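K.L.:
sequence and predicted structure, then a few things I'm wondering about:
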Amino acid sequence: MGAGTPETLNRLAMTMHPTTEQVQARPQRVSVIDIARGTALVAMAVYHFAWDLEFFGYVEPGMTAYGGWKLFARCIASSFLFLVGVSLVLAHAKGIRWPGYWRRLAMVVAAALAISVATWIAMPNTFIFFGILHQIALASVLGLAFLRLPPVLTLVVAALVIAAPHYLRSEFFNQPLLLWVGLSTAPPRSNDFVPLLPWFGAVLIGIGAARLALKAGLFDRLARLQPGRWSQPLSFFGRHSLAFYLVHQPVLIGLVWTLSQVFPAPVETREVGFLKSCQVSCEQSRDTEFCSRYCVCMLDELQKDDSLDRLYAADPSPELKAHVGDAADMCSRRTDNPMIDGGTQ
């Protein structure tokens with residue numbers, strides 16, 4: 001037909017003036033959500049910078065793995081995954097927009113695979129096989145099943161998912177192919193491990209909360225908010241979260257590495273590093289006096305053969321794990337009661 005036919009003009013008019021149904025099908029961009037996501041990303045960068053300083057020896061070994069830093073890391077991951085659930089609802093609550101969904105999922109999966117390959121090359125013994133991006137990719141698929149369920153039911157399932165590791169752990173899940181589930185009896189060695197359970201629970205909480213907020217009209221009110229210019233960097237990061245995640249850690253590592261070339265961190269022996277790391281870990285559950293004696297005992301036991309060297313080489317063998325476990329049990333008994341096992345007073 002010609003360019004001026006009624007059908008062509010009608011299509012042009014619908015493009016210029018979309019119908020109410022078309023407008024409603026388009027999800028509104030909620031700036032507050034972008035700002036929240038950007039804030040979580042900045043917090044993640046702060047944590048990773050602290051981890052980099054620890055990795056290069058500028059701060060105490062184990063600093064980011066315990067205490068306030070560990071809580072900080074868990075809060076960041078929880079908030080980020082919560083926002084994944086919220087975003088799923090905002091994007092697809094009125095019908096799954098398949099082209100955009102598949103495009104976004106493909107990007108996340110590709111980025112997760114790239115992280116796994118890069119870390120396997122750089123750190124094969126602690127490479128990231130199921131980190132935050134892997135969790136987001138899987139949660140983005142599983143979360144679709146909850147977009148139409150009653151929000152309260154979704155929140156109940158979230159509670160069960162979060163509680164599952166406390167009740168369902170089994171040696172069956174110690175198999176390498178099942179570690180991603182999160183029910184193994186011992187956590188695997190990885191620089192970023194965010195298994196399905198319990199972390200999928202944070203996504204489900206986001207989905208349930210967002211469904212309730214949608215019914216209450218909360219997002220419509222939030223969409224009308226216009227934050228000040230202070231929020232523009234955070235909003236920008238939130239809109240480009242995947243790019244930020246992929247870029248920030250190489251940049252931070254590069255900065256700390258450059259610093260190390262000009263102002264190297266103090267060099268300490270493996271023995272000193274082991275004692276410091278052991279002390280930090282032990283003091284999460286015992287007093288300082290106990291931990292000081294316990295860690296000296298552990299160091300003595302591990303130095304009787306090549307166990308300390310194998311630990312620093314990230315030896316994953318079951319034999320070494322069993323040996324370290326036996327040494328820990330013996331040192332605990334000896335420290336609690338210096339008279340047993342030939343211990344000294």
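P.N.:
Yep, it's here.
K.L.:
for Leu138, grab phi and psi.
P.N.:
phi -70, psi -40 (degrees, to the nearest 10).
K.L.:
ugh, wrong one, I meant Phe130
P.N.:
Main-chain dihedrals, Phe130, degrees, to the nearest 10: phi -150, psi 80.
K.L.:
give me the mean pLDDT for whichever strand or helix holds Gly85.
P.N.:
Secondary structure assignment for Gly85, by DSSP states H and E: helix 67-92. Helix 67-92 shows a mean pLDDT of 94.
K.L.:
give the buried residues for that helix.
P.N.:
Neighbour counts over helix 67-92 (16 or more other C-beta atoms under 10 Å) mark 69, 72-73, 76-90, 92 as buried. C-beta: built from backbone N, CA, C; applies to glycine.
K.L.:
for stretch 119-134, same thing?
P.N.:
Result for stretch 119-134 [16+ other C-beta under 10 Å]: buried residues 119, 126-134.
K.L.:
pLDDT and distance to Ala111 added to the residues you listed, as TSV?
P.N.:
Formatted as TSV, the buried residues of stretch 119-134 follow (pLDDT from 0 to 100; distance: C-beta to C-beta, whole Å):
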residue	pLDDT	distance to Ala111
Thr119	93	13
Thr126	87	19
Phe127	93	15
Ile128	95	11
Phe129	96	14
Phe130	96	14
Gly131	96	10
Ile132	96	10
Leu133	96	5
His134	97	10
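K.L.:
show me those that map onto helices.
P.N.:
Secondary structure assignment (DSSP state H) places 119, 132-134 from the buried residues of stretch 119-134 within helices.
K.L.:
which pair of these spans the longest distance?
P.N.:
Thr119 and Ile132 (12.7 Å; C-beta to C-beta).
K.L.:
give me every residue that touches the residue nearest the centre of the chain.
P.N.:
Against the mean C-alpha coordinate of the chain, by C-alpha atoms, centre = their mean, the closest residue is Ile132 at 4.1 Å. Neighbouring residues of Ile132 by C-beta atoms under 8 Å, 6 or more residues apart in numbering: 77, 80-81, 192, 194, 245.
K.L.:
name the nearest of the residues you listed relative to Phe237.
P.N.:
Using C-beta to C-beta, those come closest to Phe237 at Tyr245, 9.7 Å.
K.L.:
what's whichever strand or helix holds that closest one packed up against?
P.N.:
Element membership for Tyr245, per DSSP H and E: helix 241-262. Applying 3 or more C-beta pairs under 8 Å, 6 or more residues apart in numbering; DSSP states H and E, we find helix 241-262 packed against helix 31-55, helix 98-122.
K.L.:
buried residues in that helix, which are they?
P.N.:
Quick answer for helix 241-262 (16+ other C-beta under 10 Å): 241, 244-245, 248-249, 252-253, 256.
K.L.:
could you do stretch 182-199 as well?
P.N.:
Across stretch 182-199, burial judged by 16+ other C-beta under 10 Å covers 182-184, 190, 192-199.
K.L.:
kindly report the same for stretch 53-70.
P.N.:
For stretch 53-70, the neighbour count (16+ other C-beta under 10 Å) marks 53-55, 58-59, 61-64, 69 as buried.
K.L.:
low pLDDT regions in the protein?
P.N.:
Applying pLDDT under 70 to the chain picks out residues 1-28, 315-316, 339-345.
K.L.:
can you give me the strands for the stretch 201-345 of the chain?
P.N.:
Counting by DSSP state E, counting those that start in this stretch, the stretch 201-345 of the chain has no strands to list.
K.L.:
how much space between the residue nearest to the centre of the chain and Trp98?
P.N.:
25 Å (C-beta to C-beta, to the nearest Å).
K.L.:
now the contacts of Ile132 in CSV, with distance to Leu222?
P.N.:
As requested, the contacts of Ile132 are exported to CSV (distance: C-beta to C-beta, whole Å):
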residue, distance to Leu222
Ala77, 23
Phe80, 19
Leu81, 20
Asp192, 31
Val194, 27
Tyr245, 24
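K.L.:
of those residues, closest to Leu149?
P.N.:
Ranked by distance to Leu149 (C-beta to C-beta), the contacts of Ile132 are led by Leu81 at 18.2 Å.
K.L.:
from Gln279, how far out is the closest residue in space to that closest one that isn't next to it in sequence?
P.N.:
Spatial nearest neighbour of Leu81, chain neighbours left out: Ala202 (3.8 Å); criterion: C-beta to C-beta, 6 or more residues apart in numbering. Distance of Ala202 to Gln279, computed by C-beta to C-beta: 32 Å.
K.L.:
comparing the two, which residue is more hemmed in?
P.N.:
Counted by other C-beta atoms under 10 Å, Ala202 and Gln279 do not tie: Ala202 has more neighbours, with 24 against 18.
K.L.:
now do the contacts for that one.
P.N.:
For Ala202, the contacting residues are 77-78, 81-82, 85, 158, 162, by C-beta under 8 Å, 6+ apart.
K.L.:
and the residues you listed, which two are the farthest apart?
P.N.:
Ala77 and Ala158 (15.1 Å).
K.L.:
ok so, going back, relative to Phe236, which of the helices and strands packed on helix 241-262 is closest?
P.N.:
It's helix 31-55; of these, that one is closest to Phe236 (C-beta to C-beta) at 7.0 Å.
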